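Participant: give me a 3D structure for the following:
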Amino acid sequence: MNIYVYENTALSKFYPLSSTKASFEFRISSDTFLDRIKRTFSDCKINLFVREELRDIVSHRHPDLEVNPKNIEDGLWLVGNAVWNNKIIPNHNNEMVFFENKNCVGAYLKEQSGKQFLDNNFSHKKLKSIESKRIDIILCRYLWDIIDYIGKNINDDKKYFADQGNLSSNSKFFERNSKKLINPQNMLIGKVEIQPNVVLDATSGPIIIDDNVTIKSNTHLEGPLYVGNGSTISPLSYVKNSVIGPMCKIGGELNSVVIEGYTNKVHYGFLGNSYIGEWVNFGAGTTNSNLKNNYGKVRVQMNDEVFETNRIHLGCFIGDYVKTSIGTKINTGSVYGPGSMIFSKDFPSKNIPILTWYTDSGVSRVIIDKFILNCHRMKKRRGVDFDIVEEQFYRNLFLKVEK
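Facilitator: Residues are numbered from 1 along each chain as shown. Purely as a prediction, here's the structure:
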């Protein structure tokens, strides 16, 4: 069967990270929205539909999948920013449109209806003659929705990893590597190094630690928690209710944070209720506020639009390749665009545009050649190439924001 995974920008407000990623590429636990679809429909042909400016970079990241195909056949259409599994999709012999509340989140469509759905920018308005069905699904419209579902998604991961048998729940292994274990039957651990005097507390949710992770001494970890392949947790760290992607370096205190891969927050400082992109570097002492002094609900501005989050606890949203200087203080509801660099002794602006230098002496656009050079240097240190496709993507992004 054909699966068509698509972006619907009316149903996903993921700025600033949506500047560099399709809505289905966001990490929700050990995997992304798209990874969940791929493991659920492993025997199907999966196709992707994205904004035209993302086509080349998404094709580069997913060379095994066709992006923006011209040929449409009978198939299952799934919005990318929902958490799909086999149990959610109702049995269907004929065409059917799926709804979460009043939101169209997918459909099973024959070829002609599929073309019509695509031509109408994934609107169901011209499919009203087709049977509709309400389904119970997690639809994440904002980045803070992903944070809300950390526990649910890690619980699903635990069931998946347990079925796969890749990670261990053998308590004797943990006893040799940790001084204090609380609820060890709710833990899955790969081939890792756990130094002495580490506390693992899985009372409030599972702890999943993937292969090649190092947990250094005197660290306290509380579930629900996922730590990705190759990541390192510094000594004296306190991490809970969080998702840490692969190859990250984490230190200080984290609470309710999702971090994409290859990000450095290795020094002291607090991050809470936040979503952080890839290849971000936080200078020592960088700390965010996740609670206003008046205990009011946090508003978030994305470009020119302000959103009422209805949340008292909310931190920051940091795009890919952002860098902060030592001692940076990040306000509640801050949004930093990809490629921005922040050097400020005071609280920076809550809204820093894409590819921007932000300093106490002024704000300017980055010099794109220097930005590209720094990306090459940074990725080379980790044994990764900043290749020509990614370089061209950021040059195009720079030209777009310069207009």
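
Participant: who touches stretch 255-263?
Facilitator: Stretch 255-263 has contacts (C-beta atoms under 8 Å, 6 or more residues apart in numbering) with 27-28, 146-147, 150, 228, 239-250, 265, 270-282, 290, 313, 315, 320, 382, 384. For every residue, glycine as well, the C-beta is placed using N, CA and C.

Participant: please enumerate the helices of the chain.
Facilitator: Remark: helices assigned in the chain by DSSP state H are 33-40, 55-61, 111-119, 143-148, 150-164, 171-177, 368-381, 388-402.

Participant: go through those helices and pick out the most buried.
Facilitator: The highest mean neighbour count among those, using mean count of other C-beta atoms under 10 Å, belongs to helix 143-148: a mean of 22.

Participant: and it, C-alpha only, in CSV?
Facilitator: Listed next in CSV are the C-alpha coordinates belonging to helix 143-148 (Å, rounded to 0.1, in the frame of the first residue of the first chain):
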residue,chain,number,x,y,z
LEU,A,143,6.0,22.5,19.9
TRP,A,144,4.7,22.6,23.5
ASP,A,145,2.3,19.8,22.6
ILE,A,146,5.2,17.5,21.9
ILE,A,147,6.5,18.4,25.4
ASP,A,148,3.2,17.6,26.9
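
Participant: who touches it?
Facilitator: With C-beta under 8 Å, 6+ apart as the test, helix 143-148 has contacts from 14, 17, 26, 28, 139-140, 256-258, 273-275, 300, 309, 311, 314, 317.

Participant: residues in contact with L48?
Facilitator: Counted by C-beta under 8 Å, 6+ apart, L48 has contacts Y4, V5, Y6, A22, F24, L34, V58, H62, L65, E66, V67, N68.

Participant: which of these fall within strands?
Facilitator: Y4, V5, Y6, E66, V67 (DSSP state E).

Participant: re the thing from before, out of the helices of the chain, which gets nearest to K87?
Facilitator: Of all the helices of the chain, helix 33-40 sits nearest to K87, with 9.4 Å by C-beta to C-beta.

Participant: which other helices and strands contact that closest one?
Facilitator: Under the contact criterion of 3 or more C-beta pairs under 8 Å, 6 or more residues apart in numbering; DSSP states H and E, helix 33-40 touches strand 2-6, strand 45-49, strand 82-83.

Participant: bridged to N2, which residues?
Facilitator: Legend: beta-bridge partners of N2 under DSSP bridges are K45, G75.
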